[in-house]
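In: here is the input, now give the coordinates:
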Amino acid sequence: MARKIVITSGKGGVGKTTLTANLGTKLAMQGDRVVLVDIDLGLNNLDVVMGLENMVVYDIIDAIEGRCRIKQALIQDIYQKNLFVLASNHSSKDKYISPQSIKLIVDSLSASFDYVLIDCPAGIDTGFHRAVACADEAILVTTPHISSLRDADKVISTLANYRLNNISLVVNRVRGDLIIDGEMLSPEEIAVILKTELIGIVPEEDGILLSGGELMLSGDADKSFKMIAQNIKKNTKKLFDVTEKYSGFFGSIRRNLKKTL
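Out: Okay, the predicted model is just below:
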């Protein structure tokens, strides 16, 4: 049976869907069978991030309402043959979908995969509860900004009401130069504030791009996503060091150059 992990956030725009896509890709590259399920029925874009939007024939609502079998709604990734996407609601935006029907879909997929990664709507509204109810584990994504941390704290409190096996934290868009200069909270400090285990640090970079549907990552971002995948798969504790290249004499030069750009 698959590990069913919901990836959630307190507010939109913190990189939740990007993490879902890249984490799924890294796990698939290690040989695991992975399915990404988009349960953000309002702002569904996981298939777009994966570069598969033109391949969507059936979506999750079609599977729920019996217009297709679940396997017919799955889209196989172009580059990783053991990675699949179940697209969100493209057929009728305002249709009510019960949590039970979503859970039935996720549980049915569980038997055929090693991981089911659930892309959850931001916030703690109905869509959040519908997604979390399907999962056994949760990963909360936040950024170091105060507004994001405040919303993340509300999500942590809400997740505590569910019987999840594990709740962990990924801090996205972290700048090592600002941490050294004392202008940004470190991910470790954020983990203490949120009282949640830190399993991933993703640096802020311009190198996370989409090219022809293939996720293209720069060196540091690529390393950070690989570490997160390893931490999830093998329960390791390795975190990407965002401050390393900004430390010492040459690091101070990099920090000063970054301030002038």
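
In: show me where the stretch 101-250 of the chain has strands.
Out: For the stretch 101-250 of the chain, the strands defined by DSSP state E, counting those that start in this stretch cover 115-119, 137-142, 166-174, 197-203, 209-211, 214-216.

In: could you identify which of these is most buried?
Out: Neighbour counts (mean count of other Cβ atoms under 10 Å) averaged over each of those peak at strand 115-119, with a mean of 26. C-beta coordinates here come from the backbone N, C-alpha and C atoms, glycine included.

In: re earlier: with mean pLDDT and distance to residue 181 added, can I get the strands of the stretch 101-250 of the chain in CSV?
Out: Output for the strands of the stretch 101-250 of the chain, formatted as CSV (pLDDT from 0 to 100; distance: least, Cβ to Cβ, whole Å):
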stretch, mean pLDDT, distance to residue 181
strand 115-119, 97, 34
strand 137-142, 98, 21
strand 166-174, 97, 13
strand 197-203, 97, 15
strand 209-211, 42, 28
strand 214-216, 52, 30
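
In: in the host helix or strand of residue 48, which residues are buried?
Out: Following DSSP states H and E, one finds residue 48 within helix 46-49. Neighbour-count burial for helix 46-49, counted by 16 or more other Cβ atoms under 10 Å, picks out 46, 47, 48, 49.

In: what residues does it touch?
Out: Applying Cβ atoms under 8 Å, 6 or more residues apart in numbering, the contact partners of helix 46-49 are 17-18, 20-21, 36, 38, 40, 53, 55-56, 75, 85, 87-88, 119, 210, 215.

In: skip the chain neighbours and tell me the closest residue to residue 53.
Out: residue 47 (4.8 Å; Cβ to Cβ, 6 or more residues apart in numbering).

In: ok, which stretches of the stretch 101-250 of the chain are helices?
Out: Remark: helices assigned in the stretch 101-250 of the chain by DSSP state H, counting those that start in this stretch are 126-132, 146-159, 176-180, 187-194, 219-234, 248-260.

In: pull out the buried members of the contacts of helix 46-49.
Out: When the contacts of helix 46-49 are checked for burial by 16+ other Cβ under 10 Å, the buried set is 17-18, 20-21, 36, 38, 40, 53, 56, 75, 85, 87-88, 119, 215.

In: inside helices: which ones of those?
Out: Those of the buried ones among the contacts of helix 46-49 mapping onto helices are 17, 18, 20, 21, per DSSP state H.

In: which of the residues you listed sits closest to residue 220?
Out: Each of these was scored against residue 220 by Cβ to Cβ, and residue 18 proved nearest at 14.5 Å.

In: where's the closest one relative to residue 71, distance?
Out: Look at residue 18 and residue 71: by Cβ to Cβ, to the nearest Å, they are 26 Å apart.

In: could you do residue 182 as well?
Out: Going from residue 182 to residue 71 by Cβ to Cβ gives 53 Å.

In: who has more neighbours out of these two?
Out: Neighbour totals were compared for residue 182 and residue 71, and residue 71 leads with 12 against 8 (other Cβ atoms under 10 Å).

In: helices or strands up against the helix or strand hosting that one?
Out: Assigned by DSSP H and E, residue 71 belongs to helix 70-73. Under the contact definition 3 or more Cβ pairs under 8 Å, 6 or more residues apart in numbering; DSSP states H and E, helix 70-73 sits against helix 60-64, helix 99-110.

In: any chance of these in CSV, plus distance to residue 143 and mean neighbour count?
Out: Formatted as CSV, the helices and strands packed on helix 70-73 follow (distance: least, Cβ to Cβ, whole Å; neighbours: other Cβ atoms under 10 Å):
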stretch, distance to residue 143, mean neighbour count
helix 60-64, 28, 21
helix 99-110, 27, 17
